[in-house]
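A.B. asks: give me a 3D structure for the following:
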Amino acid sequence: MDILSLIPQFGNLLYTILAFVIALSVIVAVHEYGHYIVGRWSGIHAEVFSIGFGPVLWSRVDKRGTKWQIALLPFGGYVKFLGDANAASGKDEEAMAEIVEQSPEELRRTMHGAPLWARAATVAAGPIFNFVMSILVFGLIFWSDGVSREPLTVGSLHPLPGTAQELQDGDEIVAIAGIPVPDFDEEGGWRNFTRSLPVEPALDYTIIRDGETFDVTAPWLFPPLIQQVAPRSAAMDIQLEQGDVITAVNGDPIFAFSQLKEHVESSDGKVLLLDVWRDGAELEFALAPRRTDEPQTDGGFVTHWRIGIVGGMMLEPATEPAGIVDSLSGGVRQTVRIIEGSLSGIWHMVTGAISTCNMSGPIGIAETSGAMASQGAQNFIFFIAVLSTAVGLLNLFPIPALDGGHLVFYAYEAVAGKPPSDKALRVLMTVGITLILSLMLFAVSNDLFC
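C.D. replies: Numbering: from 1, shown residues only. As a prediction, this is how the structure comes out:
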């Protein structure tokens, strides 16, 4: 074996690990800062704020007496509040004895001695900060991307092979093939418009240019152009790239993304031979579509054959600035969609409606991190926001050892007037940790064998 041939693979592995560590560290930092800052506002003193576990690489103590540190193993983090029992070192009884001996003022600064509302708020703050981060990131992306200008205006044109292209940047498109172009916000208008267009290699576009209205010839609006490659997909595995144009499938020329979709969906998983145009070069690839469970707007899932690419228009629409309120509203809607989709996916996996292979573990998340980072900063930041929402949701599950489990204990305390017994807590925490470890092992097995 040529040892030099392993260098690119080793480099890709390092890139993937680095992307994963960055993504996870950002999400953990936000989550733990939520616990820390709300605890501080609630009068609970934080002794340690740690990103990572294990040997400490760097630390400093601030004026409030909190030790901020970065540890060697970057796979999580924690905030240690005053009075937290150190189960890992077997000092539960010793820690509790110290708490009992404290004055009321000192006891109030501990997690155990704080009022129920303060403890509940501090625990809930971690997931809430994850959701807030997602909303802000999505909102910032929507704001930076802007909203498409009305009427549809050419911002830029994607390079395409072969077909005549008479459109120019700045052209306002008022009709295609004689069919008026609707506003983007018209309910159902854009979908009905695109479905009504004749599927032909070239169409007449009615445009306004320099105040004059006339027709020009341009390619079909939705060519087989790759605008994004899905992580851990068949397309990613054979290294198809953003900007590639698929010109033929099994020797049959195509010019529309819908034609590519028909070939893939009717493939029954058989290998497809693709002719691909990339920056003027003609390339050939072979790949086998994979069964993919896709969420629907009604909350259900439909299984299709997919190769893992996202298409789009042959032009990038010109945009105008989006309002702050609209951007944040878009961020909220995106976050809610992720939560709803995640809950629906879990339910459908539990009921057997879709494959449990849809659950990814740390290996799959790491691969996705590297893949999204390789497709640009915005895609990577978007992925971090998606993962932040997922982490926030996971931590709210009512499983002992997770934030949601602690909130259940606090709810019990609010109703019963006292916390669960120490014996019950130990049993429940053991069950919770066992369940979490079992889920992690299951997810890792999915990463390796699905």
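A.B. asks: who are the contact partners of the closest residue to S267 other than its chain neighbours?
C.D. replies: Using Cβ to Cβ, 6 or more residues apart in numbering and skipping the chain neighbours, the partner closest in space to S267 is P289 (5.0 Å). In short, each C-beta sits where N, CA and C put it, glycine included. Each residue near P289 by Cβ atoms under 8 Å, 6 or more residues apart in numbering is listed here: A234, V264, E265, S267, G269, L272, W305, R306, I307.
A.B. asks: over to I51?
C.D. replies: S25, V28, A29, E32, Q69, I70, A71, P74, G77.
A.B. asks: name the SS class of the nearest residue to it once chain neighbours are set aside, please.
C.D. replies: Leaving aside its sequence neighbours, I51 sits nearest to G77 (Cβ to Cβ, 6+ apart; 4.6 Å). Under DSSP: H, G, I helix; E, B strand; the rest coil, the three-state class of G77 is strand.
A.B. asks: in contact with F380, which residues?
C.D. replies: By Cβ under 8 Å, 6+ apart, the neighbours of F380 are A19, A23, S369, M372, A373.
A.B. asks: show the pLDDT at it.
C.D. replies: At F380, the pLDDT value in this model is 94.
A.B. asks: what's the neighbour count on M429?
C.D. replies: 16 (other Cβ atoms under 10 Å).
A.B. asks: now do the contacts for the residue positioned nearest the centre of the chain.
C.D. replies: Centroid-nearest residue in the chain, with Cα atoms, centre = their mean: V386, separated by 2.6 Å. The contact partners of V386, by Cβ under 8 Å, 6+ apart, come to S134, I338.
A.B. asks: let me know the next secondary structure element after the lowest-mean-pLDDT helix or strand in the chain.
C.D. replies: Least confident element among the helices and strands of the chain, by mean pLDDT, DSSP states H and E: helix 92-100 (a mean of 52). Sequence-wise, the next helix or strand downstream of helix 92-100 (DSSP states H and E) is helix 104-108.
A.B. asks: and that next one, what's its mean pLDDT?
C.D. replies: Per-residue scores along helix 104-108 average to 85.
A.B. asks: buried sites along the longest helix belonging to the chain?
C.D. replies: As assigned by DSSP state H, the longest helix anywhere in the chain is helix 6-41. Buried residues in helix 6-41, counted by 16 or more other Cβ atoms under 10 Å: 16, 19-20, 23-36, 38-40.
A.B. asks: equivalent analysis for stretch 439-447, please.
C.D. replies: Under the neighbour-count criterion of 16+ other Cβ under 10 Å, stretch 439-447 has A443, N446, D447 buried.
A.B. asks: let's see it as PDB, backbone CA atoms only.
C.D. replies: Only the C-alpha atoms of stretch 439-447 are listed here, as PDB (Å, rounded to 0.1, in the frame of the first residue of the first chain):
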ATOM      1  CA  LEU A 439     -29.400   5.000  23.300                       C
ATOM      2  CA  MET A 440     -25.800   6.200  22.600                       C
ATOM      3  CA  LEU A 441     -24.700   2.600  21.900                       C
ATOM      4  CA  PHE A 442     -27.700   2.100  19.600                       C
ATOM      5  CA  ALA A 443     -27.000   5.300  17.700                       C
ATOM      6  CA  VAL A 444     -23.300   4.400  17.300                       C
ATOM      7  CA  SER A 445     -24.300   1.000  15.900                       C
ATOM      8  CA  ASN A 446     -26.500   2.900  13.400                       C
ATOM      9  CA  ASP A 447     -23.500   5.000  12.400                       C
END
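A.B. asks: residues in contact with that stretch?
C.D. replies: Contacts of stretch 439-447 (Cβ under 8 Å, 6+ apart): T356, C357, M359, S360, G361, P362, I363, G364.
A.B. asks: the last one - that's part of a strand, no?
C.D. replies: No: secondary structure of G364, determined by three-state DSSP: helix, with no strand assignment.
A.B. asks: any idea how many residues pack against it?
C.D. replies: Residues contacting G364 under the criterion other Cβ under 10 Å number 19.
A.B. asks: that one touches C357, doesn't it?
C.D. replies: No: the pair G364 and C357 does not pass the contact test of Cβ atoms under 8 Å, sitting 9.8 Å apart.
A.B. asks: related to what we said a few turns ago, turn the contacts of stretch 439-447 into a markdown table, columns for pLDDT and distance to P321.
C.D. replies: Below are these laid out as a markdown table (pLDDT from 0 to 100; distance: Cβ to Cβ, whole Å):
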| residue | pLDDT | distance to P321 |
| --- | --- | --- |
| T356 | 84 | 44 |
| C357 | 85 | 42 |
| M359 | 87 | 39 |
| S360 | 88 | 36 |
| G361 | 88 | 40 |
| P362 | 90 | 39 |
| I363 | 89 | 40 |
| G364 | 90 | 37 |
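A.B. asks: where's the closest residue to V26 other than its chain neighbours, which helix or strand?
C.D. replies: When the adjacent residues along the chain are set aside, V26 lies closest to I384, with 5.8 Å between them (Cβ to Cβ, 6+ apart). Element membership for I384 (DSSP H and E) is helix 377-395.
A.B. asks: got the buried residues for that helix?
C.D. replies: Buried residues in helix 377-395 (16+ other Cβ under 10 Å): 379-395.
A.B. asks: one more: stretch 321-333?
C.D. replies: Across stretch 321-333, burial judged by 16+ other Cβ under 10 Å covers A322, S327, L328, G330, G331.
A.B. asks: now do stretch 249-267
C.D. replies: Neighbour-count burial for stretch 249-267 flags V249, I254, F255, A256, F257, Q259, L260, K261, H263, V264, S267 (criterion: 16+ other Cβ under 10 Å).
A.B. asks: distance from it to the middle of the chain?
C.D. replies: The chain centre lies 29 Å from the centre of stretch 249-267; the measure is Cα atoms, centre = their mean, to the nearest Å.
A.B. asks: pLDDT below threshold where in the stretch 51-200 of the chain?
C.D. replies: 85-102, 186-187 (pLDDT under 70).
A.B. asks: quick one: the strands in it, in order.
C.D. replies: All strands of the stretch 51-200 of the chain, identified by DSSP state E, counting those that start in this stretch, fall at 67-81, 147-148, 154-157, 172-176, 179-180.
A.B. asks: T213 is nearest to which of those?
C.D. replies: strand 172-176 (7.2 Å; Cβ to Cβ).
A.B. asks: what is the neighbour count of A371?
C.D. replies: A371: 21 neighbours (other Cβ under 10 Å).
A.B. asks: how close does it sit to F138?
C.D. replies: 20 Å (Cβ to Cβ, to the nearest Å).
A.B. asks: go on, V276?
C.D. replies: 32 Å.
A.B. asks: of these two, give the one with the bigger neighbour count.
C.D. replies: More crowded of V276 and F138, by other Cβ under 10 Å: F138, with 25 against 19.
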